[in-house]
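Q: Test case, fold it:
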Amino acid sequence: MSNSVLIVGATRGLGASLRELYESNASVTTVFATTRSSTPPSDSSDSHVTWITNIDVSQPDVGGRLISQLPPSTKISTVIVTAGYFGFETFDDLDWEKEVRMYTTSAIGPVFLVQRLVKANLLEKGSKVILVSSESGSITLRHEREGGGNYGHHASKAASNMVGKLLSLDLKGKGIAVGLVHPGFMRTEMTKGVGFDKYWDDGGAVTPDEAAKSLASFIDDFDMSKTGQYWAPRGPGDIGTAESVLGSNLPTPLQLPW
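A: Next up is the predicted model:
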């Protein structure tokens, strides 16, 4: 089986760090990297990376656009969907368009993308599909001391988890493993853009490079025995409600509750 990786959302944050990590891995034959732009990033010159342009997970033609730019003989061993959008909300200041975009990006687009990859026979037995979710999608981990708000963010991640579970059931017979992951609380422009940088230090936020390393290591060991499950590869350290809800002495990696 070929060792090629497709990273959906590879220009910023975790996606960019994963791209750099995999392109430096000699055992990976090809890194397919997507961008919403019509051209690859100006700093992309590594021949190990094949850029796929005009890929927006929030658009209904995302699967077709992706397939049209991949050679028919392509076989992808690992798909990592990192594309995301966080639109900050409060109960007093809800935003319809933000919520629609969050649900579409997290829970609708990935289904259409994965389905087209499977129908085009680009994924085979032994392939892995990893949907980057968040601990914020766990209903069990929500705690009264955190309060409410950010309805679209939390609920779209919960929907993403359900999508991953359903995909795992549909693809189990094909031997394709599907995982949901909370990669960690990260120091990114996304979290800074919603004001969460004030929690970086106290919340144990890590750089995207650190999160990428732990996620890649987790993916290496991920297989059909964990398909349809929801995990935090870095453990409970950055999940503020973990101990109050799940108890102490929690393991790393940590399987998260729905």
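Q: Below-threshold pLDDT in the stretch 1-150 of the chain: ranges please.
A: Along the stretch 1-150 of the chain, segments meeting pLDDT under 70 span 1, 44-47.
Q: Quick one: residues contacting the closest residue in space to Thr11 that isn't next to it in sequence.
A: Leaving aside its sequence neighbours, Thr11 sits nearest to Thr35 (Cβ to Cβ, 6 or more residues apart in numbering; 5.0 Å). Placement of C-beta: from N, CA and C, glycine included. Counting by Cβ atoms under 8 Å, 6 or more residues apart in numbering, Thr35 makes contact with Ala10, Thr11, Pro41, Trp51, Ile52, Thr53, Asn54, Ile55.
Q: Quick check: Thr35 vs Asp56, distance?
A: From Thr35 over to Asp56 the distance is 10 Å, taken as Cβ to Cβ, to the nearest Å.
Q: for the stretch 1-150 of the chain, what spans make up the helices?
A: Counting by DSSP state H, counting those that start in this stretch, the stretch 1-150 of the chain has helices at residues 13-23, 62-68, 96-103, 109-119.
Q: so which of these comes closest to Thr140?
A: Nearest of these to Thr140, taken as Cβ to Cβ: helix 96-103 at 20.6 Å.
Q: Check what contacts that closest one and list those residues.
A: Under the contact criterion Cβ under 8 Å, 6+ apart, helix 96-103 has outside partners Ser58, Tyr85, Phe86, Gly87, Phe88, Glu89, Tyr151, Gly152, His153, Ala155, Ser156, Ala159.
Q: 6 Å instead?
A: Helix 96-103 is touched from outside by Ser58, Tyr85, Gly87, Gly152, Ser156, with contacts defined as Cβ atoms under 6 Å, 6 or more residues apart in numbering.
Q: Using the three-state scheme, assign the fourth one.
A: It stands for Gly152. helix (DSSP: H, G, I helix; E, B strand; the rest coil).
Q: Nearest to Pro236, out of the helices of the stretch 1-150 of the chain?
A: Closest approach to Pro236 among the helices of the stretch 1-150 of the chain (Cβ to Cβ): helix 13-23, 19.0 Å.
Q: ok, now which ones touch Gln69?
A: Ile52.
Q: how much space between it and Pro60?
A: The gap separating Gln69 from Pro60 is 17 Å, by Cβ to Cβ.
Q: The nearest residue to Phe112 once chain neighbours are set aside: neighbouring residues, count only.
A: Using Cβ to Cβ, 6+ apart and skipping residues adjacent in sequence, the residue nearest Phe112 is Gly63, 4.6 Å away. Using other Cβ atoms under 10 Å, Gly63 has 23 other residues around it.
Q: shift numbering so it begins at 11
A: Okay, using 11 as the starting number, the last item reads as Gly73.
Q: Gly73 against Pro120, yeah?
A: No. With contact defined as Cβ atoms under 6 Å, Gly73 does not count as touching Pro120 (9.7 Å).
Q: that older thread, go through the contacts of Thr45 and say which is closest to Ser37.
A: Ala20 (18.8 Å).
Q: ok, now how distant is the closest residue in space to Asp233 that isn't next to it in sequence from Ile229?
A: Once flanking residues are discounted, Asp233 sits nearest to Ala187: 5.7 Å by Cβ to Cβ, 6+ apart. For Ala187, the distance to Ile229 (Cβ to Cβ) stands at 10 Å.
Q: again with Lys135
A: 17 Å.
Q: which one of those two has more residues nearby?
A: Counted by other Cβ under 10 Å, Lys135 and Ile229 do not tie: Ile229 has more neighbours, with 20 against 11.
Q: Using the three-state scheme, assign that one.
A: Following three-state DSSP, we place Ile229 in the helix state.
Q: separation between it and Glu145?
A: Counting by Cβ to Cβ, the separation of Ile229 from Glu145 is 18 Å.
Q: Also Val15?
A: Distance of Val15 to Glu145, computed by Cβ to Cβ: 24 Å.
Q: Please apply the same query to Gly203.
A: Relative to Glu145, Gly203 is positioned 19 Å away (Cβ to Cβ).
Q: now swap in Lys184 and tell me
A: As defined by Cβ to Cβ, Lys184 lies at a distance of 29 Å from Glu145.
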